[in-house]
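Engineer: Sequence first, predicted model second:
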Amino acid sequence: MIKEKLKWNEKYKTLTPKPPSTLLDFIPETKNKKALDLAGGLGRNAIALLQKGYDVTLIDISDIAISKINNPKIKKICLDLDNYIIPQNEYDIIIMIKYFNLDLLKQIPKSLKNNGYFIFETINKYPIGKTEFFEIFKDFEIIFFNENPFRFVGKKR
């Protein structure tokens, strides 16, 4: 969607990175495991995952945001996530923070490897009901959950 890209490019022209999400504190350090940051913006969470030892891929619609990420170790992909298909059984961790896409959300259980982590945080603008969410993630161990704001850290069994 060109309109969405233009909107986010305009925001990222002046936006400065915030600290990473505190939900990443639940994720163990590792080596050579793969992480996917969906709608990762300026890379605040991708950088934190990189520091924990993950090989990180960040996807965002804004080429402005991606151009501001100066870490060459982060694989950056600029594309609209509305029609993105996440490769199955590919990642050890997937994060979706302050972004919501129900079609992507439904792909995540199959895209994570066993014992993989999913971190999710949404804002009121993008609500999802607890029942609907936990139907999608019924095979996950709940490590952390808060309903308002909706925040979740889970581990695939």
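Structural biologist: Nice, thanks for sending it over.

Engineer: CA atoms for contacts and neighbours, from now on please.
Structural biologist: Will do.

Engineer: Output the contacting helices and strands for the longest strand along the chain.
Structural biologist: Criterion DSSP state E: the longest strand present in the chain is strand 112-121. Packing partners of strand 112-121 (3 or more CA pairs under 8 Å, 6 or more residues apart in numbering; DSSP states H and E): strand 91-97, strand 151-156.

Engineer: Just name the most buried of those.
Structural biologist: strand 91-97 (a mean of 23; mean count of other CA atoms under 10 Å).

Engineer: Give me the distance from that one to the chain's centre.
Structural biologist: Distance of strand 91-97 from its chain centroid, counting by CA atoms, centre = their mean, to the nearest Å, is 5 Å.

Engineer: How about stretch 138-147?
Structural biologist: With CA atoms, centre = their mean as the basis, stretch 138-147 stands 16 Å off its chain's centre.

Engineer: just stretch 144-154 next, same as before
Structural biologist: The answer for stretch 144-154 is 14 Å, by CA atoms, centre = their mean.

Engineer: Over to stretch 26-40?
Structural biologist: Relative to where its chain is centred, stretch 26-40 has its mean C-alpha point 9 Å off (CA atoms, centre = their mean).

Engineer: one step back: hey, C-alpha coordinates of the longest strand of the chain in CSV?
Structural biologist: Provided in CSV are the C-alpha atoms of strand 112-121 (Å, rounded to 0.1, in the frame of the first residue of the first chain):
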residue,chain,number,x,y,z
LEU,A,112,8.4,-20.9,14.6
LYS,A,113,10.6,-23.9,15.3
ASN,A,114,9.8,-26.1,18.3
ASN,A,115,10.7,-24.2,21.5
GLY,A,116,10.7,-21.0,19.5
TYR,A,117,9.5,-17.8,21.2
PHE,A,118,6.8,-15.3,20.1
ILE,A,119,6.6,-11.8,21.5
PHE,A,120,3.5,-9.8,20.8
GLU,A,121,2.4,-6.3,21.9
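
Engineer: For that strand, which strands pair with it and how are they oriented?
Structural biologist: strand 91-97 (parallel), strand 151-156 (antiparallel) (DSSP bridges).
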